[in-house]
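Undergrad: When you get a sec, could you give me coordinates for this:
(chains A and B)
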Number of protein chains: 2
Amino acid sequence: MKKKEIKIAIDLMGNDIPPIDLLNACVLEEKKKLPGVSFVFIGTKELQNIAIKAKANFILAKHTIFLDDNPLTALKKKKDSSIAIGMKLLKEAQVDAFVSAGNTGAIMTSAKMNLSMLPFISRPSLLALLPTEKKTLTVLDVGANISAKSKYLFENALIGIAFQKAIGNKYPKLGLLNIGSEEQKGTVEQKKVFEELKKLSLKTKFFNFVGNIEPKEVFQSDIDVLITDGFTGNIFLKTAEGIANFILNRLRQCGDRCDSIRPYFSDLQKYLHYEQYPGALLTGVNKIVIKCHSYSSFNLISIFYNQPI
Amino acid sequence: MKKKEIKIAIDLMGNDIPPIDLLNACVLEEKKKLPGVSFVFIGTKELQNIAIKAKANFILAKHTIFLDDNPLTALKKKKDSSIAIGMKLLKEAQVDAFVSAGNTGAIMTSAKMNLSMLPFISRPSLLALLPTEKKTLTVLDVGANISAKSKYLFENALIGIAFQKAIGNKYPKLGLLNIGSEEQKGTVEQKKVFEELKKLSLKTKFFNFVGNIEPKEVFQSDIDVLITDGFTGNIFLKTAEGIANFILNRLRQCGDRCDSIRPYFSDLQKYLHYEQYPGALLTGVNKIVIKCHSYSSFNLISIFYNQPI
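TA: Numbering: from 1, shown residues only, chains lettered A, B, ... in the order given. A predicted model of the protein is given here:
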C-alpha cells in the first residue's frame, strides 16, 4: 500500500544541536531515505540563506524559546517563536506533524492552547517507546505533566491502552511505576489510581492491570504500558540513559579487545541508549506532535517515520 | 586506636532471605571478620534452637511484620515483632545499632515512635552511599519519607551536609535531583527548596549548592550530596540497580571470552550493583538504624562495620 504523502514541520531552534547541523542532516536524509515525506523548516534569520541554498522549505521565526525560558512567559512575549509557528501550522492543517527538540513546557503549553484535547483527557502527556528484554514498552508520562494527581495517572492509562489497541494489541498489560510491588505502596494518589485501574480492568476486561511495578523489574517484565507521572517518568528515563551512556562509553574504550564479546552487548544499545528512542509523542491532543531530546541525533526523524503512529 | 566494642541487633525476619541463611552467615562472619563486634539476633520460635546450637545471642520475637503489611496497623497489632524489639533494645541503649532488611515503613514509623529526633528534623530519611565515577555520593532520601514537600527536602539537605562534615568534608557540594538543570525546573516544592538552599549557601558559606542536577549527569558529576524525596530517590536507585543487574548478567553469560575486557568493567559492579551499597542509614533519629534491601546479601554487615558512621 502506498504511504500517504506527509508533511512535517521541523523546529530548528532552541535545543543543544546547532540549527545548521540539524538543517543539513534533515535535508540530506529527506532526499536519501524518506520518499513521500517533505519537511518544512522553521528557524531564525541566520538560517534563511542556507535553507534557500539547499532548496528547503523554510518559514522564518522571529524568536527562539530557549530551554531555560519560563514556558508561559516565553509564549506570551515571543509570539513568533518557532514553537508557536509550528503549532499554528499544525492547527491550520498545513502540516501533518510538528517535531521539536525545544523547551518541553512551551511545547506542551502551546499544544494545549492551539490544539483540541481528546475526549476524557485534560492535559497532554509525553509517550515514549522503550525497548526492554521482552518487548517495546510504552511509557507515559515521561515529562510533560509533572503533577502526580491520580486523575492524570488515570488519563495516562487511557492513552496507553488506546495506543496499544491502535497498534493491534487487543489486551494490553498495564503496570504502575512504584517504589514497591505491594498494593499499598506509594503516595495517596497512586493508591487511588491503583484502585480505579483495578476496578476498570475487572469491569471492562478491556486491559490487564498487573498492579505496581518497581523500576528494577521493568526491564525484565512483559508489561506493554508503564504508567507514571511526568516527573517520575522523566527521572526513570534519564537514570536509565545515564547508566547506558556510562556502559557504552566503557565498551568504546576497550576497542578491538571487545570484538569477541560485542554480540553479548549488541542489544544493549538498542535497549538502553537514548538515540534509539529520541522522540516522544505528545499525547492527549488531536494532532501529531513529537518532542525530541534536546540532544537528539537525526535518528529522530527516521524513527518517527517508521513508527505506527 | 582501638575500636570500641560494639553490639548490633540483627533482625532476622520479614525479608526475602531465609532467616536461617542470614543467621548462619552472620554467625560465621562475626567469628571470622569482625573482632570487637557482637551480634544480638532477633527472630521467631523456629530459629531459637538453631541459634542456641550456634551459641548466638538470641531474642525471641512473637511476630513478624511482612513486607506487604501496612506499617501502622502492623506495629499496633504485632507488638512483639522483631522490628519493635530491635527498636526497644536501641532505645534502652542495650545495643549500639539495629540492622533490619524488613518493612521500610514499619522501621521508619517505629524509629519515630521510639527514638528522639535530631534538632530541626521532623521525619527520618534514608541515606545511601552510591559510588559514582568521581566519588562516593551521599543520596537522601532513598525511600523513607515519600512526601516531596520542600520542608523535608530542606531537612534532607541539612542531614546530608552534617554527614559530609562528619566524615571530614569541610565544604560539601550539594545538588538537587530534578528533571532539568535549569533553575525553574520541577515542582513548586522543588523551586521553593532551590531558593532556600541557594540563600542559605550564600549566607553561611557552609556548603556549596550547585543547583539542579539531572539523573543522567549524576554519575559523572562531582557533587557530594544528592537531595531528593523518598519516592523519587527510590525510583532513581532502583532504576540504576535494574540496569546494573541487566548488564552484569550479560557479562556473566559471556564467560571466558570476557576475561580480556573485565578490567574495563571491574569498577562497574562497584559503581552500580546493589550488593555494594546494601545498607541505608536511617537519619534524623538520635540512634543508628540501618535499613537493608529485602534482597541484601551478608555484605550489609561488613559494609556497615567499615563505614565512618
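Undergrad: on contacts alone, who are the packing partners of the helix or strand hosting A:F41?
TA: A:F41 is part of strand A:37-43, with elements assigned from DSSP states H and E. Counting contacts by 3 or more CB pairs under 8 Å, 6 or more residues apart in numbering or on different chains; DSSP states H and E, strand A:37-43 is packed against strand A:6-11, helix A:19-33, strand A:57-60, helix A:82-91. C-beta: built from backbone N, CA, C; applies to glycine.
Undergrad: Which one of the ones you listed lies nearest to B:V27?
TA: Of all the helices and strands packed on strand A:37-43, helix A:19-33 sits nearest to B:V27, with 63.2 Å by CB to CB.
Undergrad: name the helices or strands packed onto that closest one?
TA: Against helix A:19-33 (3+ CB pairs under 8 Å, 6+ apart) you get strand A:37-43, helix A:48-53, helix A:299-306.
Undergrad: Now do the contacts for the closest residue to A:T44 other than its chain neighbours.
TA: The shortest distance from A:T44 to any non-neighbouring residue, by CB to CB, 6 or more residues apart in numbering or on different chains, is to A:A61 (5.5 Å). Going by CB atoms under 8 Å, 6 or more residues apart in numbering or on different chains, A:A61 touches A:M13, A:I42, A:G43, A:T44, A:D80, A:S81, A:S82, A:I85.
Undergrad: hang on, the last one packs against A:F58?
TA: Spelled out, it's A:I85. No: applying CB atoms under 8 Å as the test, A:I85 and A:F58 come out as separate, 11.3 Å apart.
Undergrad: shared neighbours, these two?
TA: A:I42.
Undergrad: quick one, which of these two is more surrounded?
TA: Neighbour totals were compared for A:I85 and A:F58, and A:I85 leads with 24 against 20 (other CB atoms under 10 Å in any protein chain shown).
Undergrad: In contact with the more buried one, which residues?
TA: A:A9, A:I42, A:I59, A:A61.
Undergrad: could I get those residues as TSV with pLDDT and distance to B:E217?
TA: TSV is the format used below for those (pLDDT from 0 to 100; distance: CB to CB, whole Å):
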residue	pLDDT	distance to B:E217
A:A9	95	31
A:I42	96	29
A:I59	96	34
A:A61	96	30
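Undergrad: Let's see if you can find the most crowded of those.
TA: A:I42 (27 neighbours).
Undergrad: any idea which helix or strand carries A:L153?
TA: Here A:L153 is assigned to helix A:150-166, by DSSP H and E.
Undergrad: gap between that helix and the chain center?
TA: In terms of CA atoms, centre = their mean, to the nearest Å, the centre of helix A:150-166 is set 15 Å apart from its chain centre.
Undergrad: Wait, A:T138 touches A:V225, no?
TA: Yes: the criterion here is CB under 8 Å, and A:T138 meets it with A:V225 at 4.7 Å.
Undergrad: returning to what we had before: can you redo the contacts of A:I85 as CSV with distance to B:I290?
TA: Shown next, in CSV, are those (distance: CB to CB, whole Å):
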residue, distance to B:I290
A:A9, 55
A:I42, 55
A:I59, 60
A:A61, 56
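Undergrad: Return the member of those nearest to A:P172.
TA: For those, the nearest to A:P172 is A:A9 (30.9 Å; CB to CB).
Undergrad: quick one: contacts for the closest one?
TA: A:A9 neighbours (CB under 8 Å, 6+ apart): A:39-42, A:59, A:85-86, A:89-90, A:95, A:97-99.
Undergrad: one more time with 6 Å
TA: A:V40, A:G86, A:L89, A:V95, A:F98 (CB atoms under 6 Å, 6 or more residues apart in numbering or on different chains).
Undergrad: Can you go through the contacts of A:A61 and name the buried ones?
TA: A:M13, A:I42, A:G43, A:T44, A:S81, A:S82, A:I85 (16 or more other CB atoms under 10 Å in any protein chain shown).
Undergrad: I'd like those laid out as CSV, including distance to A:Y171.
TA: Formatted as CSV, the buried ones among the contacts of A:A61 follow (distance: CB to CB, whole Å):
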residue, distance to A:Y171
A:M13, 42
A:I42, 41
A:G43, 45
A:T44, 48
A:S81, 43
A:S82, 41
A:I85, 41
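Undergrad: For chain A, give the helix that spans the most residues.
TA: In chain A, assigned by DSSP state H, the helix with the most residues is helix A:230-253.
Undergrad: tell me the mean pLDDT for it?
TA: Summarised as a single mean, pLDDT over helix A:230-253 is 81.
Undergrad: buried set for that helix?
TA: In helix A:230-253, counting by 16+ other CB under 10 Å, buried: A:230-248, A:250-251.
Undergrad: repeat for stretch A:156-166
TA: Neighbour count says stretch A:156-166 has A:N156, A:A157, A:L158, A:I159, A:G160, A:I161, A:F163, A:Q164 buried, by 16+ other CB under 10 Å.
Undergrad: Identify the contacts common to A:T138 and A:V225.
TA: A:G160.
Undergrad: Can you tell me which of the contacts of A:A9 is nearest A:C26?
TA: Once CB to CB is applied, the member of the contacts of A:A9 that ends up nearest A:C26 is A:V40, at 10.5 Å.
Undergrad: Pretty sure A:L60 is one of the things that closest one touches, is it not?
TA: No: A:V40 is beyond contact range of A:L60, at 11.6 Å (criterion: CB atoms under 6 Å).
Undergrad: Those two: which is more packed in?
TA: The neighbour comparison of A:V40 against A:L60 (other CB under 10 Å) goes to A:V40, with 18 against 14.
Undergrad: How about the contacts made by that one?
TA: A:A9, A:N57, A:V95.
Undergrad: do the same with A:N286
TA: So A:N286 contacts A:L115, A:S116 (CB under 6 Å, 6+ apart).
Undergrad: Pop out the phi and psi values for it.
TA: Backbone torsions of A:N286, given as degrees, to the nearest 10, read phi -90, psi 20.
Undergrad: returning to what we had before: the inter-axis angle of the longest helix of chain A versus helix A:150-166?
TA: Put simply, helix A:230-253 runs at 60 degrees to helix A:150-166, going by axes from the mean of the first three to the mean of the last three CA atoms, to 10 degrees.
Undergrad: So helix A:230-253, near chain B or not?
TA: Yes: on the criterion CB under 6 Å from any CB of the partner chain, helix A:230-253 is in touch with chain B at A:231-232, A:234-236, A:238-243, A:246-247, A:250.
Undergrad: what packs against that helix?
TA: helix B:215-218, helix B:230-253 (3 or more CB pairs under 6 Å, 6 or more residues apart in numbering or on different chains; DSSP states H and E).
Undergrad: Redo those as JSON lines? Include distance to A:I107.
TA: Compiled in JSON lines, these are given as follows (distance: least, CB to CB, whole Å):
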{"stretch": "helix B:215-218", "distance to A:I107": "20"}
{"stretch": "helix B:230-253", "distance to A:I107": "23"}
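Undergrad: of all the ones you listed, which lies closest to B:I179?
TA: That would be helix B:215-218 among the helices and strands packed on helix A:230-253, by CB to CB, at 8.6 Å.
Undergrad: I'd like the next helix or strand past the closest one.
TA: strand B:225-227.
Undergrad: Figure out how far that next one is from the centre of its chain.
TA: Once both centres are worked out by CA atoms, centre = their mean, strand B:225-227 turns out to sit 14 Å from its chain's centre.
Undergrad: got it, and stretch A:224-243?
TA: 11 Å.
Undergrad: With stretch A:18-36 instead?
TA: With CA atoms, centre = their mean, you get 20 Å for stretch A:18-36.
Undergrad: what do you get for stretch A:92-111?
TA: The answer for stretch A:92-111 is 12 Å, by CA atoms, centre = their mean.
Undergrad: Over to stretch A:193-202?
TA: The answer for stretch A:193-202 is 26 Å, by CA atoms, centre = their mean.
Undergrad: Now do the residue nearest to A:A51 when sequence neighbours are not counted against A:Q94, distance only.
TA: Excluding its sequence neighbours, the residue lying closest to A:A51 (CB to CB, 6+ apart) is A:F58, at 3.7 Å. Separation of A:F58 from A:Q94 (CB to CB, to the nearest Å): 14 Å.
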